[in-house]
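Trainee: Sequence below, structure please.
(2 chains)
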Amino acid sequence: MRYPVYILLILISLILQITIFAFNPVWGITPDLLLITVISLSLLNGYRQGAYIGFIAGILQDVFSSGLFGINTVTKMLLGYIFGFLEKKIYHRNIITPLFTMILATVLNQLLVVLLTDHIMLKVELWNHFKEIIFPLTVYHLILALAIYPTIYFINNKYFEE
Amino acid sequence: MAGLFKKHHRFILILVMLILILTLVNLVGAVAPEKDWGEGLVIDAVAPFLGVINWVNDTFNDTLNVLLNYKEVKEENNRLQKKVKKLNWKIHQLNETAKLNDRLRELLEFKIRKPFTFIGAKVIGKSADNWSQIVTINRGSKSGLEPKMLVVTYNGYLVGRVEQVSTYSAQVLLLNDSNFTIGGLIAKKESREIGIVNGSLAETDLLKMNKLPWDANVEVGDKVITSGLSKLYPKGVLIGKVVKVEPEDYGLTHSARLKPFVDLGTFEEVLVITDF
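Mentor: Predicted structure coming up:
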């Protein structure tokens, strides 16, 4: 029962991301709801599940973006795995730590995308784009995480806490 | 470092294998771009939800708009009705002229230019990250869409090119995506220079036109159309307007910055050119 619900959460994030949030961009950028969902789920479930969830979310995101196929799969899986190690180390009821990890995850995710996209890495415009979007994106993610993390925490606790 | 590897060796192994597989997939994709590896299925499965959400979003926005600007909407309605009457009269006149034109063309044995055939489609989704510019539209192979078809707005301005086609939906690569390339032509009597139009990452609202000859007669304000040099794309679809010209490759070529005629952030309906 646990995985279907998680996949549903990922699907909802994806659909909202490419419709409502992409049609009404704030500061000209689209937020990465999938990243927030993946990090939240991985913080609550540990590294193994984090990697699985990241993989699924990443591959879905890749289908709906152009360019190098698989870039989001690799970055999301890696981040899901890394942040899953914090599962036992943070206090989940306090939202401050998850928010900080969200900042870190946003920056890391964008950096990884830049580093892995080899055919554009050498171009200056890539770094300019990175600098342009990273700050508003982080702020946007922080605000969204304020809503998404508690929701996922609630779902996780209510239905799957043994 | 060795400890790190030992602790996470399984994950690192999986990651490396994944990267290798994805590299292979991308290589195969570069050789045979029209092959569908199941993305079509995923897109088709998600597309209905996109449609529903879009419908809700549109209805909500429209209703809100009408409610908030009731008076303006009413005035606009009146104005538009008058305009429709005027335009109907004009169409009638133009039809007569068109008939005359056809007759004269026949007399002169001119080749009659075949108009493009279109399919209308609605944008139901956009790209899932900030590094790419694609949209999902609600028509697919069932409506006769194929990869590489050009997509335009109602006034005939180029929007992008069909990339991935599934049964009931398709993905369109927009002009300003960094992977978009098309042959462009300066549409001026004195100069028919040819260059390559690319999207760019840094300024998503501008396009780049490369490889213009160094002595090209290009000025700010010139219109650029598709060149039609390859058999893939039709000729004469409007792309954009030149806003800046600068030398490139140490003066061997020129490059121009184009501003597309369409606002690539806001359009909602498109036409796909299925035959030309």
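Trainee: which one is residue B:49 nearest to, not counting chain neighbours?
Mentor: Spatially, and ignoring its direct neighbours in sequence, residue B:49 is nearest to residue A:15 (5.0 Å; CB to CB, 6 or more residues apart in numbering or on different chains). Quick note: C-beta positions are derived from backbone N, CA and C, even for glycine.
Trainee: Name the SS class of the one you found, please.
Mentor: Three-state secondary structure (criterion: DSSP: H, G, I helix; E, B strand; the rest coil) places residue A:15 in helix.
Trainee: Is whichever strand or helix holds residue B:12 positioned near chain A?
Mentor: Assigned by DSSP states H and E, residue B:12 belongs to helix B:9-31. Yes - residues of helix B:9-31 contacting chain A under CB under 8 Å from any CB of the partner chain: B:11, B:14-15, B:18-19, B:21-22, B:25-26, B:29.
Trainee: Go ahead and name everything in contact with that helix.
Mentor: For helix B:9-31, the external contacting residues (CB atoms under 8 Å, 6 or more residues apart in numbering or on different chains) are A:47, A:51, A:68-70, A:73-74, A:77-78, A:81, B:5, B:35, B:37.
Trainee: now the helices: where do they sit in the chain?
Mentor: Assuming you mean chain A. For chain A, the helices identified by DSSP state H occupy A:2-18, A:20-23, A:33-45, A:47-63, A:71-84, A:96-116, A:118-121, A:124-160, in order along the chain.
Trainee: meant chain B, my bad for not saying
Mentor: The residue ranges that make up the helices of chain B, judged by DSSP H, are B:2-7, B:9-31, B:39-68, B:70-108.
Trainee: Deepest-packed of these, please.
Mentor: helix B:39-68 (a mean of 15; mean count of other CB atoms under 10 Å in any protein chain shown).
Trainee: How far does that helix sit from its chain's centre?
Mentor: Its chain's C-alpha centre and that of helix B:39-68 lie 20 Å apart, by CA atoms, centre = their mean, to the nearest Å.
Trainee: mean confidence score for stretch B:194-210?
Mentor: For stretch B:194-210, mean pLDDT is 80.
Trainee: got the contact list for the spatially most central residue of chain B?
Mentor: For chain B, the residue lying nearest the average C-alpha position, counting by CA atoms, centre = their mean, turns out to be residue B:160 (1.6 Å). Contact analysis of residue B:160 by CB under 8 Å, 6+ apart lists B:133-135, B:150-151, B:172-175, B:177, B:180.
Trainee: Report the two of those residues separated the most.
Mentor: B:133 and B:150 (15.6 Å; CB to CB).
Trainee: More neighbours: those two, which one.
Mentor: The residue with more neighbours, out of residue B:133 and residue B:150, is residue B:133; 25 against 22, by other CB atoms under 10 Å in any protein chain shown.
Trainee: who's in contact with that one?
Mentor: A:66, B:127, B:160, B:173-177, B:180, B:199, B:204, B:264.
Trainee: Pull up the gap between the residue nearest to the centre of chain B and residue B:78, please.
Mentor: 36 Å (CB to CB, to the nearest Å).
Trainee: Residue A:75 too?
Mentor: If you go by CB to CB, the gap between residue A:75 and residue B:78 works out to 54 Å.
Trainee: How about residue B:226?
Mentor: Remark: distance between residue B:226 and residue B:78 (CB to CB) = 39 Å.
Trainee: Equivalent analysis for residue A:153, please.
Mentor: Here residue A:153 is placed at a distance of 54 Å from residue B:78 (CB to CB).
Trainee: Can you tell me the closest non-neighbouring residue to residue B:164?
Mentor: The spatial neighbour of residue B:164 that comes closest, neighbours along the chain excluded (CB to CB, 6+ apart), is residue B:171 at 4.3 Å.
Trainee: right, and that neighbour touches residue B:151 too?
Mentor: No - in this structure, residue B:171 sits apart from residue B:151 without contact. The criterion is CB atoms under 8 Å, and the distance is 10.5 Å.
Trainee: Quick check: neighbours shared by the two?
Mentor: In the contact map built from CB under 8 Å, 6+ apart, the residues linked to both residue B:171 and residue B:151 are B:137, B:162.
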